[in-house]
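**Q** Just the structure for this:
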Amino acid sequence: MIKLGLKSRSRRVVQDTSVAVEKSKLCMGKHSRDVDEDSGYCCWDSLPSELLREVLLKVEESESKWPARKHVVACAGVCKSWREVMKEVVKTPEVSGKITFPISVKQPGPRESLLQCFIKRNRSTQTYYLFVSLSQALADDGKFLLAARKCRRTTCTDYIISLHGDDMSKGSDTYIGKLRSNFLGTKFIVYDALPPHSGSKMEKSRSTCVVGSKQISPKVPAGNYPVAHISYELNVLGARGPRRMHCVMDAIPASAIKPGGVAPTQTYFPITSVDSSPTLPFFRTKSNCLDKSFSGPLCNQGGSSLVLRNKSPRWHEQLQCWCLNFHGRVTVASVKNFQLVASPENGIAGPEHDKVILQFGKVGKDVFTMDYRYPISAFQAFAICLSSFDTKIACE
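**A** Coordinates of the predicted model:
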């Protein structure tokens with residue numbers, strides 16, 4: 001009888017998740033009769049911890065794909081006790097291979113497989129949208145992850161990257177980084193709005209203290225933290241030949257691709273505007289200090305950075321073109337298509353240097369697939385792919 005009672009109660013809690021979210025908003029606003037105005041008590045906070053963990057674990061396991069996974073996000077927003085359990089239940093993309101919360105785009109991808117995504121380009125507005133694939137189709141509806149807007153300047157070009165598809169300004173709370181190119185479009189720098197590790201140095205900018213007229217919390221100033229340098233070499237074959245890329249991942253140690261290697265992992269967004277509530281961490285952190293908001297190596301001092309190079313294509317005699325094996329993920333020939341692998345530190349390649357870490361290719365007029373894996377994140381992969389869209393005067 002006890003077992004049946006628990007099962008029945010668990011089922012009711014799962015079915016009423018959406019109701020809980022709505023009621024939790026009233027609880028937090030202290031407009032519900034079930035809230036103690038003095039203590040801020042929420043009715044949904046009274047569930048037994050063992051039962052709550054069992055229920056939320058079932059929700060996380062059953063809602064494994066979007067759009068159903070939105071219920072996992074909803075559960076994390078009900079109240080503090082639910083959120084604390086979700087920190088334990090929901091794993092990072094490196095372990096689960098799933099993207100759940102916004103911070104997931106800043107965390108390394110899965111170790112054992114490529115996380116399949118795609119990019120849609122809007123030529124008229126010069127915007128780019130990143131989605132995670134929901135099926136094996138090359139371009140389905142997808143779950144939106146990131147957006148970028150191209151901004152031409154006198155001596156360079158910026159790609160502003162945002163968590164919001166309609167708000168891609170650097171002054172927005174959803175701004176997370178940018179890609180900047182030189183005038184020729186041959187050299188790029190990827191900037192993160194947050195330090196990738198505690199030893200990061202921020203490049204000075206007028207936006208360091210004030211971003212879009214909004215003062216940022218002095219604990220972690222929003223700014224330009226270089227996390228990658230990308231360069232394109234001169235192509236002697238012109239448009240007929242593949243581009244040659246060279247990516248130095250400043251924030252990732254070369255040892256990250258080796259067995260047991262670890263890459264820095266951001267665990268939450270510590271930036272908050274003065275006039276807004278603090279961003280809530282979605283994964284386990286020991287404190288709200290900057291040094292505690294990262295796991296893995298805290299700085300890359302004394303070690304070499306990971307270097308990515310494009311995988312050399314082979315010449316196909318029958319097709320009379322350069323070819324790469326994308327395993328069906330790319331269908332249209334384009335000079336933009338590429339695969340990146342790790343470059344050996346001392347010229348000695350191991351099995352880890354044969355694994356494709358990032359691949360990008362065309363499947364339609366304005367649709368491109370983007371697949372990535374550990375140790376780079378969706379944000380870093382997206383920024384590298386944006387560099388392929390930029391015009392390269394000196395390379396073609």
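
**Q** Of all residues in the chain, which one is nearest the centre?
**A** residue 105 (1.6 Å; CA atoms, centre = their mean).

**Q** Is it correct that it falls within a helix?
**A** Yes - per DSSP: H, G, I helix; E, B strand; the rest coil, residue 105 lies within a helix segment.

**Q** Now it: closest residue in space, sequence neighbours ignored.
**A** residue 378 (4.2 Å; CB to CB, 6 or more residues apart in numbering). From N, CA and C alone the C-beta is placed, and that goes for glycine too.

**Q** if I look at the residue nearest to the centre of the chain, how far off is residue 377?
**A** 6 Å (CB to CB, to the nearest Å).

**Q** again with residue 109
**A** 7 Å.

**Q** before we move on, what about residue 162?
**A** 15 Å.

**Q** per-residue confidence averaged over stretch 367-378?
**A** For stretch 367-378, the mean pLDDT works out to 96.

**Q** whoops, stretch 243-253 was the one
**A** Per-residue scores along stretch 243-253 average to 91.

**Q** how far is that stretch from where the chain is centred?
**A** 17 Å (CA atoms, centre = their mean, to the nearest Å).

**Q** Then stretch 56-75?
**A** The mean C-alpha position of stretch 56-75 is separated from the chain mean by 19 Å, CA atoms, centre = their mean.

**Q** Render the CA-only coordinates of it in PDB, please.
**A** The C-alpha trace of stretch 56-75 is given here as PDB (Å, rounded to 0.1, in the frame of the first residue of the first chain):
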ATOM      1  CA  LEU A  56      12.500  15.000 -10.800                       C
ATOM      2  CA  LEU A  57      14.800  12.100 -11.800                       C
ATOM      3  CA  LYS A  58      12.000  10.500 -13.600                       C
ATOM      4  CA  VAL A  59      11.100  13.800 -15.300                       C
ATOM      5  CA  GLU A  60      14.700  14.300 -16.400                       C
ATOM      6  CA  GLU A  61      14.900  10.700 -17.800                       C
ATOM      7  CA  SER A  62      11.600  10.800 -19.600                       C
ATOM      8  CA  GLU A  63      11.900  14.200 -21.100                       C
ATOM      9  CA  SER A  64      15.200  13.500 -22.900                       C
ATOM     10  CA  LYS A  65      14.600  15.600 -26.000                       C
ATOM     11  CA  TRP A  66      13.200  19.000 -26.900                       C
ATOM     12  CA  PRO A  67      10.500  20.300 -26.900                       C
ATOM     13  CA  ALA A  68       9.500  18.000 -24.000                       C
ATOM     14  CA  ARG A  69      12.700  18.900 -22.200                       C
ATOM     15  CA  LYS A  70      11.200  22.300 -21.400                       C
ATOM     16  CA  HIS A  71       9.600  20.600 -18.400                       C
ATOM     17  CA  VAL A  72      13.000  19.900 -16.900                       C
ATOM     18  CA  VAL A  73      13.800  23.600 -17.100                       C
ATOM     19  CA  ALA A  74      10.400  24.400 -15.600                       C
ATOM     20  CA  CYS A  75      11.100  22.200 -12.600                       C
END
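
**Q** And it, what's buried?
**A** By neighbour count on 16 or more other CB atoms under 10 Å, the buried set for stretch 56-75 is 56, 59, 60, 63, 66, 69, 71, 72, 73, 74, 75.

**Q** could I get these as a markdown table with pLDDT and secondary structure?
**A** A markdown table is the format used below for those (pLDDT from 0 to 100; DSSP: H, G, I helix; E, B strand; the rest coil):
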| residue | pLDDT | secondary structure |
| --- | --- | --- |
| 56 | 91 | helix |
| 59 | 90 | helix |
| 60 | 90 | helix |
| 63 | 86 | coil |
| 66 | 88 | coil |
| 69 | 90 | coil |
| 71 | 90 | helix |
| 72 | 90 | helix |
| 73 | 90 | helix |
| 74 | 90 | helix |
| 75 | 89 | helix |
